[in-house]
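Participant: 3D model of this:
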Amino acid sequence: MKRGKKYQNAVKSFDKSAQYDVAEAISLVKKNATAKFDETIELHIRTGCDGRHAEQQIRGAVVLPHGTGKAVKVLVFAKGTKLDEAQAAGADFVGGEELIPKIQNEGWLDFDVVVATPDMMGVVGRLGRVLGPKGLMPNPKAGTVTMDVTKAVNDIKAGKIEYRLDKTNIIHVPVGKASFTEEQLSDNFQTLMGAINKAKPASLKGQYIRSATLASTMGPGVKLNVTKIAN
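Facilitator: Predicted coordinates:
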């Protein structure tokens, strides 16, 4: 893949083989986020987990203190008084069974997170083939299957993000935007790492975090000093 001049100049601004402390890495990534839009800064963690074993499947959620910098659209599946509750909490879309054909047949996916009350999971389950591959299926571990829809919506709007292993046992999560201050990015990073370190499976033998890289949408990745972030 041919890279542009900006990317090539950014790569020259630091040692790609070196491992950096968090503060230095954040500073470098921010400096190299030179696109015309506000780039997202992401953390990519290669773990020593084997996601084929259920007990090593890492999945959870955490509220970032400064949010993600992205306006998140929330869809809530509920019924009765929970519909009103979700609407009052600021959910963008609220409904039940009538939304199934819209998603299934019309391909409507104008939302970022799906929340469902437990009594609606039988209905939502029918959307597994559509929502599952996109990582949109509600899940109790992520706090998106709950009767407390007010808290779920408030947390998501405040900057709650989900982290999970992909098929190659890597976790990809947003830390914030390039327009955030270094302090804000650092706060979000520490909160995120605290949650991921806590999620370490008890059955895991060997190293949990093998490598970690911080990168902006269009910029090069900066390697982090793993010994400083794993505990």
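Participant: could you check how far the residue located most distally from the centre of the chain is from Asn105?
Facilitator: Centroid-distance maximum for the chain: Gly80 at 30.3 Å, with CA atoms, centre = their mean. Separation of Gly80 from Asn105 (CB to CB, to the nearest Å) stands at 26 Å. In this view, the C-beta of every residue, glycine as well, is placed from N, C-alpha and C.
Participant: all helices for this structure, in order.
Facilitator: Using DSSP state H, the helices of the chain run over 5-12, 22-31, 81-89, 100-104, 121-124, 128-131, 149-158, 182-198, 226-229.
Participant: what residues sit buried inside the last one?
Facilitator: Going by neighbour count (16 or more other CB atoms under 10 Å), the buried part of helix 226-229 is 226, 229.
Participant: begin at 55, not 1, for the rest of this chat.
Facilitator: Done: numbering now begins at 55, and the last item shifts to helix 280-283.
Participant: could you give the average pLDDT over it?
Facilitator: Throughout helix 280-283, pLDDT has a mean value of 85.
Participant: next: the fifth one.
Facilitator: Averaging pLDDT along helix 175-178 gives 94.
Participant: what does the fourth one give?
Facilitator: The predicted model gives helix 154-158 an average pLDDT of 93.
Participant: cool, and the first one?
Facilitator: Across helix 59-66, pLDDT averages out at 61.
Participant: then the longest one?
Facilitator: Over the span of helix 236-252, the pLDDT mean works out to 95.
Participant: can you tell me how far Ile157 is from Val178?
Facilitator: Ile157 is 10 Å from Val178, where distance means CB to CB.
Participant: shared neighbours, these two?
Facilitator: Leu185 (CB atoms under 8 Å, 6 or more residues apart in numbering).
Participant: who's more crowded, the two?
Facilitator: Between Ile157 and Val178, counting by other CB atoms under 10 Å, Val178 is the more crowded of the two (23 against 20).
Participant: hang on, isn't the more buried one packed against Val169?
Facilitator: No: using CB atoms under 8 Å, Val178 is not in contact with Val169, being 9.8 Å away.
Participant: can I see the domain layout of the protein?
Facilitator: 69-121+214-283, 128-212 (automatic domain parsing).
Participant: gap between the two ends of the last one?
Facilitator: Across domain 128-212, the terminal residues are separated by 12 Å (CA to CA, to the nearest Å).
Participant: next one: the first one
Facilitator: Domain 69-121+214-283 has an end-to-end distance of 20 Å (criterion: CA to CA).
Participant: low-confidence regions, this structure specifically.
Facilitator: For the chain, applying pLDDT under 70 flags the ranges 55-68, 285.
Participant: any idea how far the closest residue to Lys221 other than its chain neighbours is from Leu219?
Facilitator: Computed as CB to CB, 6 or more residues apart in numbering, the closest residue to Lys221 that is not its neighbour in sequence is Gly105, at 7.0 Å. Between Gly105 and Leu219 the computed distance is 5 Å (CB to CB).
Participant: residues shared between the contacts of the two?
Facilitator: With CB under 8 Å, 6+ apart, Gly105 and Leu219 have common neighbours 111-112.
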